[in-house]
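A.B. asks: Fold the following.
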Amino acid sequence: MLEADAQRGMSEGDPKDPVFALVEVIEALSGARSIGQIAEIVRTRARLLSGADGVTFVLREGEDCVYLDEDAIAPLWKGLRFPMSACISGWAMLNGRTVVIPDIYADPRIPHDAYRPTFVRSLVMTPVRPTEAIAAIGAYWSRQREPTAEEVTLLQVIARATATALANVQAYASLHETLARRDLLARELDHRCKNTLAAVRSIADQTLRRSASPAHFVEAFNGRLGALSRAHELLTRGDWGPAGLADVVGQALTPFCGVGGLRLAVSGPQVGLAPETAVAMHMTVHELAVNATKYGALSVEGGRLDVNWEVDRREAPGALEFRWIERGGPKVDAPAARGFGSRLIEQGMAQELGGEAQILFDPEGVQFRLRAPLSPRVALA
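C.D. replies: Residues are numbered from 1 along each chain as shown. Here you go, the predicted structure:
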């Protein structure tokens, strides 16, 4: 029975045993999830273990020492900030060495004027990490005394455990940020997938309604689906951030640039489009290019296409003016009825940007004009 009790005592530990108390400190630090929790554990447990009259936790921020927290018989410097070169905690961190000072007024490294209003007469200051120290732990006594080797070692062990705890907090914060970003990306991906599926469904439905034959449907649907895919490819390369209007136009026109003798001009200032707006603009340019390939300037050699835009700043907030002008193609006759492509071009862009969009069937060539106010969706890059 006595042997069992002895074994149980060895496994559970004696709360009065300094080694057991130190293990408890290390365990508490290992579970800390913030710098504030670390500081609280250090200031209370270190004072209890060392028998000091005060303990402070100092954090390094650039070239300053920030006295983050303390547990002492009288106020010290909690919340104050000092240059690294002006306090003993800075000296300990810069030199990566534990400082033992039995008499603070006999040591030239101590700023005596700062200590006179306090109870401190002797101290131990140990850095948290001997190289590239990020913090320091100070223990203070109200009388002149030589801290024992055991007291110094105990503070150094706590400092080492604190260094690990701070690294854990940093890793925990990084992991938390990564998980939060993962959740955000998952929600964003879900949103994009739903939007893409809705767009594909709408394209399929509208194309089918106005297709004269299955072959016509396949051709038109595949073309629009390919345009949607190329728009998403452009945005993916830019991490789904704003896309340059010139890049959007260039990407949309690339499949149509093989027309022999085509004279093509694209010009305008740098304008950034929000992702959804970039997709709408890409689809608009694609529809215009398909129409031009079948009936307009891109259907014959010698055709001319001028795509340009400018920003009108005469009235706040300013407005984007976008123009598509075809010349040199067959004579243009206005259609008897508007198809899905025309409605996609005019209504889609007007609704997307809160502006005005119009297709002009000029006999000399189709024109498309868009005027939209500058906004988060359309902005100078």
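A.B. asks: Output the contacting helices and strands for the lengthiest helix in the chain.
C.D. replies: Ranked by residue count under DSSP state H, the longest helix found in the chain is helix 149-209. Packing partners of helix 149-209 (3 or more C-beta pairs under 8 Å, 6 or more residues apart in numbering; DSSP states H and E): helix 18-30, helix 35-50, strand 122-128, strand 135-141, helix 214-237, helix 340-343. Bear in mind the C-beta positions are built from the backbone N, C-alpha and C, glycine included.
A.B. asks: how close does the nearest residue to residue 245 once chain neighbours are set aside sit to residue 306?
C.D. replies: Leaving aside its sequence neighbours, residue 245 sits nearest to residue 271 (C-beta to C-beta, 6 or more residues apart in numbering; 4.2 Å). To residue 306, residue 271 is 17 Å away according to C-beta to C-beta, to the nearest Å.
A.B. asks: element containing residue 324, please.
C.D. replies: strand 319-327 (DSSP states H and E).
A.B. asks: Same question for that strand: list its buried residues.
C.D. replies: Under the neighbour-count criterion of 16 or more other C-beta atoms under 10 Å, strand 319-327 has 319-320, 322, 324-327 buried.
A.B. asks: Same question for stretch 367-381.
C.D. replies: Quick answer for stretch 367-381 (16+ other C-beta under 10 Å): 367-368, 370-375, 377-379.
A.B. asks: what's next to that stretch, contact-wise?
C.D. replies: 242, 244, 269-274, 276-277, 284, 288, 311-312, 317-326, 345, 349, 352-360 (C-beta atoms under 8 Å, 6 or more residues apart in numbering).
A.B. asks: Distance from the chain centre to that stretch, please.
C.D. replies: 27 Å (C-alpha atoms, centre = their mean, to the nearest Å).
A.B. asks: more crowded one of residue 271 and residue 306?
C.D. replies: Ranked by neighbour count (other C-beta atoms under 10 Å), residue 271 and residue 306 place residue 271 first, with 21 against 17.
A.B. asks: That one and residue 320 touch, don't they?
C.D. replies: Yes. Look at residue 271 against residue 320 with C-beta atoms under 8 Å: they come within range, at 6.2 Å.
A.B. asks: and for the two, which residues touch both?
C.D. replies: Common neighbours of residue 271 and residue 320 (C-beta under 8 Å, 6+ apart) are 309, 311, 378.
A.B. asks: Please flag which of these sit within strands.
C.D. replies: Members of the shared contacts of residue 271 and residue 320 lying in strands (criterion: DSSP state E): 309, 311, 378.
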